[in-house]
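Q: Next one to model:
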Amino acid sequence: MFPNSRYCFTLLLALWLSACGSFPVQEMSDARQAINAARTVDIKGKSNQLFLDAYNLLKSAEFALENGDYEKARALAVTARQKAMASRKKAINNNGTK
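A: Numbering: from 1, shown residues only. Alright, predicted model coming up:
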């Protein structure tokens, strides 16, 4: 009976840990890098609404992360990255550079 109890405990522990969600390290890093890339292409990027949206989403993701809401932080960081990439593309098209 002991091996089954140990197996059940290990299985339950694994399920519980997977349900908690993992720290969104990669998503946060990707969002920060995309925002920095958008900023370097467009010095006036702060007037670009897409850039401002991306920046604000990243700040919201950081707040969610500080409060332990990893899934919300992950979702916000992914959206921030997408908006930052769109901002960068818009800046490139407006500047006529590549």
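Q: Can you name every helix or strand that the host helix or strand of Ala75 contacts?
A: For Ala75, the host element (DSSP states H and E) is helix 70-95. In terms of contacts (3 or more C-beta pairs under 8 Å, 6 or more residues apart in numbering; DSSP states H and E), helix 70-95 is packed against helix 25-41, helix 49-66. Any C-beta I mention is one placed from the backbone N, CA and C, and that applies to glycine too.
Q: Adding distance to Asn95, write those helices out as TSV.
A: Below are the helices and strands packed on helix 70-95 laid out as TSV (distance: least, C-beta to C-beta, whole Å):
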stretch	distance to Asn95
helix 25-41	7
helix 49-66	14
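Q: By mean pLDDT, which helix or strand of the chain comes out lowest?
A: helix 2-20 (a mean of 58; mean pLDDT, DSSP states H and E).
Q: For the helices and strands packed on helix 70-95, please prepare TSV with the additional fields mean pLDDT, distance to Ala80 and mean neighbour count.
A: As requested, those are arranged in TSV below (pLDDT from 0 to 100; distance: least, C-beta to C-beta, whole Å; neighbours: other C-beta atoms under 10 Å):
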stretch	mean pLDDT	distance to Ala80	mean neighbour count
helix 25-41	94	4	18
helix 49-66	95	4	18
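Q: What residues does the residue most central in space within the chain make contact with?
A: The centre of the chain sits closest to Ala77, judged by C-alpha atoms, centre = their mean, with a distance of 2.1 Å. Going by C-beta atoms under 8 Å, 6 or more residues apart in numbering, Ala77 touches 24, 27-28, 30-31, 57-58, 61.
Q: picking up where we left off before, just the mean pLDDT for the helix holding Ala75, thanks.
A: Mean pLDDT, helix 70-95: 93.
Q: by how many degrees do that helix and helix 49-66 diverge?
A: Taking axes from the mean of the first three to the mean of the last three C-alpha atoms, to 10 degrees, one finds that helix 70-95 is oriented at 160 degrees with respect to helix 49-66.
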